[in-house]
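A.B. asks: have a look at this prediction, sequence included:
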Amino acid sequence: MLVGVGLGPGDPELLTLRAVRLLREAAAVFVPGKLAYDLVRPYRPDAVVLNFPMTSDEAYIRECLEENADRIAPHARGGLAVFGIIGDPNFYSTFSRLCDVIGERYPEIAFSTEPGISSITAFASVANVPVAGGFFVSDGNGPESRIFMKVRRPAALAASLAKEGYAEFVLVERMFLPGQQVYRGDDLPEESDYFSILYARRLNA
């Protein structure tokens with residue numbers, strides 16, 4: 001199995017306890033650069049630094065992804081391999097692209113992720129900016145997804161969003177708490193717990 005582990009925004013004291021445990025338990029650890037390596041070095045000085053070029057040359061990016069997939073696959077196929085990445089592995093990260101390539105070349109390998117403190121939430125702390133109400137986050141492209149917190153009537157909200165072109169829905173109820181549930185697609189309940197988050201995405205975005 002390959003696990004993408006969030007390493008936080010760059011402060012070594014902001015690694016989670018789970019991140020440290022997985023780094024120690026993994027058969028092999030990979031990172032995409034020196035900053036990530038410096039964060040994992042106290043726990044895994046043997047971590048392998050892989051080449052992920054900062055370029056717009058898609059052909060070269062693809063070549064590097066395939067090379068990295070081939071290096072990771074033997075370790076992930078037979079045991080636990082960890083890919084440590086700055087921030088959170090599901091927010092604007094290289095990990096999802098790497099998983100796509102590994103999935104194509106080595107479909108027998110399973111993937112999962114462990115969250116890290118992302119720059120989106122760390123910013124508010126560093127800048128001392130309290131965030132309330134809705135807000136917009138972008139990497140320069142138009143929005144293709146929306147996230148709603150404290151969703152009490154998820155089925156009704158999804159039906160309303162469907163009229164706006166949203167077609168993929170995921171509800172997480174009581175995340176990391178007793179009774180956690182994940183609902184997808186048309187399986188959304190009429191009512192949900194206060195601690196619920198609904199993700200909606202336009203499939204044609």
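C.D. replies: The structure has been received and is ready for your questions.

A.B. asks: distance-wise, check the residue nearest the centre of the chain relative to G6.
C.D. replies: Among the residues of the chain, the one closest to the centroid is N90, at 1.6 Å (Cα atoms, centre = their mean). Using Cβ to Cβ, to the nearest Å, N90 is found at 8 Å from G6. To be clear about C-beta, it is placed using only N, CA and C from the backbone, and glycine gets the same treatment.

A.B. asks: cool, E114 as well?
C.D. replies: Taking Cβ to Cβ, one finds E114 at 6 Å from G6.

A.B. asks: so the two - more neighbours on which side?
C.D. replies: Shown here are E114 and G6; by other Cβ atoms under 10 Å, G6 has more neighbours (26 against 18).

A.B. asks: excluding chain neighbours, what is closest to the more buried one?
C.D. replies: In space, and not counting its chain neighbours, G6 is closest to G116: 1.8 Å by Cβ to Cβ, 6 or more residues apart in numbering.

A.B. asks: what about the one you found, neighbour count?
C.D. replies: 27.

A.B. asks: now swap in G165 and tell me
C.D. replies: G165: 11 neighbours (other Cβ under 10 Å).

A.B. asks: verify the stated contact: it with R202.
C.D. replies: Yes. The criterion here is Cβ atoms under 8 Å, and G165 meets it with R202 at 5.2 Å.

A.B. asks: below-threshold pLDDT in this structure: ranges please.
C.D. replies: Of all residues in the chain, those with pLDDT under 70 make up the ranges 204-205.

A.B. asks: just how off-centre is the longest helix along it within its chain?
C.D. replies: Ranked by residue count, the top helix of the chain under DSSP state H comes out as helix 58-78. The chain centroid and the centroid of helix 58-78 are separated by 18 Å under Cα atoms, centre = their mean, to the nearest Å.
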